[in-house]
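**Student:** Requesting a structural model of the entry that follows:
(one chain, ligands or ions: 2)
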Amino acid sequence: MTSTTQLARSDVAERLNGVVPPVELAILEPLIDEIDALKRQRNAVVLAHNYMTPDIFYGVADLRGDSLQLARMAAEVDAEVIVMAGVHFMAETAKILSPEKTVLIPDTRAGCSLAESITPNDIARLRQQYPGAPVVTYVNTSAAVKAASDITCTSSNAVAVVESLESDTIIFTPDQYLGAWVAGQTDKEIIVWEGACEVHERFTGRQLLSLRDDTPGVKIIAHPECPPDVLAEADYVGSTAGMANWLKVEQPEQVAMITECSMADNVADLVPNTTFIRPCNMCPHMKRITVHNIRTALEDMEHEVLVSEEDARGARRSLEAMLAVT
Ligand code: 13P
Ligand code: SF4
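**Tutor:** Ligands and ions are numbered 1, 2, ... in the order given. Got it, this is the predicted structure:
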């Protein structure tokens, strides 16, 4: 996994070797050739989140990373068209930070349970309840919710963002578990909204205890969207990019990645001597994106992601405040 590097098109077939079974390779290669030609024709890049399947991650993506890296790349990449191989809020973020570019999402149903859990009215009610407390909002939200907030954060900079604010009381939305994890690392009072990620909230501390019993010596690394009893059992907690970096440095003999299933596939090449123990959960939204619908998106220039001028202005302010922190 090279999370932020531009891939050379010529070595795509080589990269897919060993990543997908040979029988799939025969089907994928012409499809990826078509995508490459369309990318050149459209002056397009494919940005892929770390939870994409390996055929997309290794075969189709030009740039790859966690939410924060994708946001930065979207703002900086030199292309007319961005295809977001990720979920809708990531595509919206790309559009907000790069309004002059055409941003496409290959399947409009690629949502997020966190983004669904909160509205701008909820933010207004929280502000009434806790007057003067700034609102920190996870990027896994709609543009309208970002616009109603003071600053956004991702899982890789949430603590730094909270610490950057003067107030001793912070409203943190919408992920209650990420909020609780941040609260454990700051002296500030954190008021959390009760949203959760449908993928990470299903892991349990008990599951990890029995994993440790069954696999002595296993290292456990977890995403901060997991519940507190899960995070208490983890040897490392961090964003998807943070987990990849930790693996690269630590090179554990055995590891369990308590996160989305594709993550282990996409980091395996970083640690060839590591055995992956795989309790994992699949994100149904991320899995809406396929090599096939990426090809269709480029062919038909669909589905364009648009953000109203008003939401974009407010959301850009919140996103740029975050980017200025880290
Ligand atoms: P990262 O920012 O860690 O990539 O997380 C995004 C996400 O949706 C995790 O569920
Ligand atoms: Fe949303 Fe969870 Fe899927 Fe990430 S893994 S996109 S937080 S539902």
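**Student:** Ligand 1 contacts on the stretch 151-300 of the chain?
**Tutor:** 154-155, 197, 223, 225, 239-240 (Cβ under 6 Å from any ligand atom). (Glycine included, C-beta is placed from N, CA and C.)
**Student:** Buried by neighbour count, from those residues: which ones?
**Tutor:** 154-155, 197, 223, 225, 239-240 (16 or more other Cβ atoms under 10 Å).
**Student:** Output the lowest mean pLDDT helix or strand found in the protein.
**Tutor:** The weakest-scoring helix or strand in the chain, judged by mean pLDDT, DSSP states H and E, is helix 12-16 (a mean of 74).
**Student:** For residue 179, give me its contacts.
**Tutor:** The contact partners of residue 179, by Cβ atoms under 8 Å, 6 or more residues apart in numbering, come to 172-173, 190, 192-193.
**Student:** Near ligand 2, which residues of the stretch 201-326 of the chain are found?
**Tutor:** 225, 260, 283, 285-286.
**Student:** Neighbours of residue 305, how many?
**Tutor:** Applying other Cβ atoms under 10 Å, we find 20 residues neighbouring residue 305.
**Student:** where's residue 20 relative to residue 239, distance?
**Tutor:** Here the criterion is Cβ to Cβ, to the nearest Å. By it, residue 20 lies 26 Å from residue 239.
**Student:** can you pull out the helices in the stretch 1-150 of the chain?
**Tutor:** 12-16, 22-42, 54-59, 67-76, 88-97, 113-116, 120-129, 143-147 (DSSP state H, counting those that start in this stretch).
**Student:** The shortest one near ligand 2 anywhere?
**Tutor:** Same thing as helix 113-116. Yes - judged by Cβ under 6 Å from any ligand atom, helix 113-116 and ligand 2 are in contact via 113-114.
**Student:** re the thing from before, can you go through the contacts of residue 179 and name the buried ones?
**Tutor:** For the contacts of residue 179, a burial check counting by 16+ other Cβ under 10 Å picks out 172-173, 190, 192-193.
**Student:** Among these, which lie within strands?
**Tutor:** Secondary structure defined by DSSP state E assigns 172-173, 190, 192 of the buried ones among the contacts of residue 179 to strands.
**Student:** From those residues, pick the one nearest residue 125.
**Tutor:** Nearest to residue 125 among these, counting by Cβ to Cβ, is residue 173 at 11.1 Å.
**Student:** Let me see the contact set for that closest one.
**Tutor:** Contact analysis of residue 173 by Cβ under 8 Å, 6+ apart lists 118, 122-123, 126, 135-138, 141, 145, 149, 179, 192-193, 195.
**Student:** same question, residue 235
**Tutor:** 219-221.
**Student:** Now do the contacts for the residue in the stretch 1-150 of the chain that ligand 2 sits nearest to.
**Tutor:** Of all residues in the stretch 1-150 of the chain, residue 112 sits closest to ligand 2, at 3.2 Å by Cβ to the nearest ligand atom. Residue 112 makes contacts with 87-89, 140, 197, 285, as judged by Cβ under 8 Å, 6+ apart.
**Student:** Please convert the contacts of residue 235 to TSV, extending it with pLDDT and distance to residue 44.
**Tutor:** As requested, the contacts of residue 235 are exported to TSV (pLDDT from 0 to 100; distance: Cβ to Cβ, whole Å):
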residue	pLDDT	distance to residue 44
219	98	39
220	98	39
221	98	34
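**Student:** if we can go back for a sec, wait, which of the residues of the stretch 201-326 of the chain next to ligand 2 is closest to ligand 1?
**Tutor:** residue 225 (5.3 Å).
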